[in-house]
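Engineer: Give the three-dimensional model of this entry:
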Amino acid sequence: MNAEPENDPAALYRKGKAYLLGIGVPKNDAEAAKWWRMAAEQNHAEAQCRLGLLYNDDTAGVPNDDVEAVRWYLRAAMQNHAGAQFWVGYCYHYGRGVEQDLEEAVKWYRRAAEQDDPEAQVSLGECYYKGEGVPKDEVEVLKWFLKAAAVKGYSGQSVWRETLPRHLLKGKA
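Structural biologist: The predicted model follows:
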């Protein structure tokens, strides 16, 4: 792969992605992490989020470290990166790298959901369905599940189109 300027975070991110996928270079998760860390340290939000994901994945090129993952997610989330905001919410929801806090999880899910992140929309809908961090509210469940179902290309859309009616009709028969 051609030498990329080390002061160009977008180029560093692309180089890391090439190593992750094995495009033009041998596939190497550790090398991907190295290049993404350089981009992340220069405030490249996507690299920060991806680095967080690597820290949450035992098979990646970095050791599993939920606290470090949250640190990178938060840096990207503060730049309005919807995917990172979803992952911050997820970490708070399940107590990964932070103390479990359902209200904080809902706050982060909502930030991502309002940017049309379908995973955040589903997670926020589930919070309303279960009453986790927010009062139960079937209108909000419907709102967020339908928004997620409408996202073109979202792999979970057929699941929610099929299960949404069951969620709303449960206990009403």
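
Engineer: drop to CA atoms for contacts and neighbour counts, all remaining ones
Structural biologist: Fine.

Engineer: can you give me the strands in the chain?
Structural biologist: Counting by DSSP state E, the chain has no strands to list.

Engineer: what stretches of it score poorly on pLDDT?
Structural biologist: Scanning the chain for pLDDT under 70 picks out 1-5, 59-60, 152-173.

Engineer: what domains does the record give for it?
Structural biologist: If you go by automatic domain parsing, the domain ranges for the chain are 1-79, 102-173.

Engineer: Of these, flag the one that's most buried.
Structural biologist: Comparing these by mean neighbour count (mean count of other Cα atoms under 10 Å), domain 1-79 comes out on top with a mean of 20.

Engineer: and it, how far out from the chain's middle?
Structural biologist: Distance of domain 1-79 from its chain centroid, counting by Cα atoms, centre = their mean, to the nearest Å, is 14 Å.

Engineer: now the domains of the chain as TSV including distance to F86?
Structural biologist: What follows is those, written out as TSV (distance: least, Cα to Cα, whole Å):
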stretch	distance to F86
domain 1-79	8
domain 102-173	5
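
Engineer: To Y90, which of those domains lies closest?
Structural biologist: Nearest of those to Y90, taken as Cα to Cα: domain 102-173 at 6.4 Å.

Engineer: Counting neighbours, what do you get for the nearest residue to D101 once chain neighbours are set aside?
Structural biologist: Spatial nearest neighbour of D101, excluding adjacent residues (Cα to Cα, 6 or more residues apart in numbering): Y92 at 5.3 Å. If you count neighbours by other Cα atoms under 10 Å, Y92 ends up with 23.

Engineer: Correct me if wrong: Y92 contacts F86.
Structural biologist: No: using Cα atoms under 8 Å, Y92 is not in contact with F86, being 10.0 Å away.

Engineer: Report whether the expected contact of E138 with Y129 is present.
Structural biologist: Yes: between E138 and Y129 there is a contact under Cα under 8 Å: 6.5 Å.
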